[in-house]
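Q: sequence unknown, structure follows:
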C-alpha cells in the first residue's frame, strides 16, 4: 500500500495579540489553503521557538520576525541551529536583512502621510518615531520619507524626540500636523496632549500607522491611520517560503516591500472648519468627551459660557442646536462601538451616553437612517468582535 506523502511542517512565529501580526497570519493561511501538504504550526512569538522545536523532529520552513536585534536575533540563531534553510522574515526592525524578508513599503507609507496632510489646512508638520532604542528601522524610513515629501513642496518637518512633553514645548508651532510611527505611539501622544488641554485635531492633528482595534478601543479619540496591507505581506511571505523549500536560491538580503492600502480618516485628523473659535472649542470638546457629557449645560460649563450664549453662537455658526451636535456625536461614537466591539446594544447605548437602548435606536434611526442592529449587520462587525463571538477561535 502506497504511503501518503509526509506533511511539511511550517512554523509561523507571530504574536496574535497584535492586529499587525494577525493580518500577516491571515495572509499565510490564505496561501496555505491551496497547499494541501502544508501543516501550519503557530508559535505565540519568536521566543517560544526553542520549546516548540523540541517537539517536532522535522521542520521544513519558518516565517516570523527575524533580525539581528534582541529576541528576533536569538530566534534566528535557534532556527539556524536546527539547520532550517527555508526561513522568511516579516520584520522591518533592523536595516540589516539576515534572511529574505517581506515588509511594508515604509517609504510609501511616509510619503502617503505627507500627501494626506498637504491636502489639509495645516502648514506646520512634525514626526515622532517613538521611544524604541535602537530606533525601529521602519520608523526611521517612514520619517525620512515623510520629511522628504514635505520638503519637495517647501515645508520643514520637525523631528520630536522621545520624552517630549507634547503640547508644552513653546517652540512647537500650532496648529500642527503630527505623523507618528504607529498607532500605539499615536495613542500615547494623544493621551499626553489631552491631559494638557491641547485640542485634537484643531491644534494638533494626529496620524498613525496600522489600524489596531485594541489601540482604538483604548484611545479616548478615534485615530486616523495609514492602513498596511498585512494580509498581502503574509501571502507573499508564504509564497517566498514555498520557493525556498523547493530549492530556489534567494539571496539572504532579498527584500520585497508591500505598499499601504489607504488612509482611514477618523476624529484625530478631522478638524471641523468653524469661523467661531469659541464654537470650535465646544465642537472639539464634544468630539473628545461625548461619552462623558450628560447635557448641554455640562458642555457650556466646560467651555466657560452660559447655555444661552453657547446655543446662540452655535446656531449662528452652524445653523443647528448644541443638542443636535451632541446627539450626532453620540451616534458617531455608537457606530464606532458597533463596528469595533461585540457590546450589546444596551451597553453601546450606555457607553455613548443614551438613556437606554430604545433611545439609542430612535436617535440612530434619525441620524443614520437605519437601526443600530441593521447598521452592524450591513457594515459587518470588526474582525476582533467576530473573533470574540466565536469564542476566540
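A: Yes, it's here. Please read these numbers as outputs of a predicted model, since none were measured by experiment.

Q: For the stretch 201-350 of the chain, which residues score under the pLDDT cut-off?
A: Counting by pLDDT under 70, the stretch 201-350 of the chain has low-confidence residues at 216-218, 271-275.

Q: Helices of that one, start to end?
A: 213-218, 230-245, 277-289, 296-302, 307-318, 322-340, 345-352 (DSSP state H, counting those that start in this stretch).

Q: give me every residue that touches residue 337.
A: Listed by C-beta atoms under 8 Å, 6 or more residues apart in numbering, the contact set of residue 337 reads 343, 348, 351-352. C-beta here means a position set from N, CA and C on the backbone, and glycine is covered the same way.

Q: Any idea how many residues pack against residue 329?
A: Around residue 329 there are 23 other residues, counting by other C-beta atoms under 10 Å.

Q: That one is in contact with residue 289, isn't it?
A: No. Using C-beta atoms under 8 Å, residue 329 is not in contact with residue 289; the gap is 9.5 Å.

Q: Isn't residue 353 up against residue 291?
A: Yes. In this structure, residue 353 is within contact of residue 291 by C-beta under 8 Å, at 5.7 Å.

Q: between these two, who's got more neighbours?
A: The neighbour count for residue 353 versus residue 291, taken as other C-beta under 10 Å, is higher for residue 353 (21 against 16).

Q: per-residue confidence at the more buried one?
A: Looking at residue 353, its pLDDT stands at 91.

Q: How much space separates it from residue 115?
A: Going from residue 353 to residue 115 by C-beta to C-beta, to the nearest Å gives 36 Å.

Q: Same question for residue 231.
A: Taken as C-beta to C-beta, the span from residue 231 to residue 115 is 24 Å.

Q: Show the contacting residues for residue 43.
A: 11-14, 49, 52, 64.

Q: With residue 31 instead?
A: Here residue 31 is in contact with 234-235, 238-239, 242 (criterion: C-beta under 8 Å, 6+ apart).

Q: element containing it, please.
A: Assessed by DSSP states H and E, residue 31 sits inside helix 19-32.

Q: Quick check: next helix or strand after that helix?
A: Heading C-terminal from helix 19-32 (DSSP H and E), you reach strand 38-43.

Q: Quick check: buried residues in stretch 34-41?
A: 38, 40 (16 or more other C-beta atoms under 10 Å).

Q: And for stretch 132-143?
A: Under the neighbour-count criterion of 16+ other C-beta under 10 Å, stretch 132-143 has 135-143 buried.

Q: Let's have the helices of the stretch 201-350 of the chain in TSV, adding distance to residue 257.
A: Shown next, in TSV, are the helices of the stretch 201-350 of the chain (distance: least, C-beta to C-beta, whole Å):
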stretch	distance to residue 257
helix 213-218	24
helix 230-245	9
helix 277-289	35
helix 296-302	46
helix 307-318	44
helix 322-340	29
helix 345-352	39
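
Q: before we move on, the earlier item: residues shared between the contacts of residue 353 and residue 291?
A: Common neighbours of residue 353 and residue 291 (C-beta under 8 Å, 6+ apart) are residue 333.

Q: one step back: which two in the contacts of residue 43 are spaced the farthest apart?
A: Largest separation among the contacts of residue 43 by C-beta to C-beta: 14 and 52, giving 12.8 Å.

Q: The two: who's more crowded?
A: Set residue 14 next to residue 52 and count neighbours by other C-beta under 10 Å: residue 14 wins out with 26 against 16.

Q: any chance you could map the strands in this structure?
A: 8-13, 38-43, 61-64, 87-89, 101-104, 125-128, 157-160, 176-180, 204-209, 224-227, 255-258, 262-264 (DSSP state E).

Q: Now distance to residue 300 too, for those, in JSON lines please.
A: What follows is those, written out as JSON lines (distance: least, C-beta to C-beta, whole Å):
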{"stretch": "strand 8-13", "distance to residue 300": "55"}
{"stretch": "strand 38-43", "distance to residue 300": "54"}
{"stretch": "strand 61-64", "distance to residue 300": "55"}
{"stretch": "strand 87-89", "distance to residue 300": "55"}
{"stretch": "strand 101-104", "distance to residue 300": "46"}
{"stretch": "strand 125-128", "distance to residue 300": "33"}
{"stretch": "strand 157-160", "distance to residue 300": "35"}
{"stretch": "strand 176-180", "distance to residue 300": "28"}
{"stretch": "strand 204-209", "distance to residue 300": "25"}
{"stretch": "strand 224-227", "distance to residue 300": "29"}
{"stretch": "strand 255-258", "distance to residue 300": "49"}
{"stretch": "strand 262-264", "distance to residue 300": "33"}
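
Q: which residues are in contact with stretch 113-126?
A: 142, 145-146, 149-150, 153, 155-160, 172-179, 205, 207, 209, 226, 263, 269, 271, 273.
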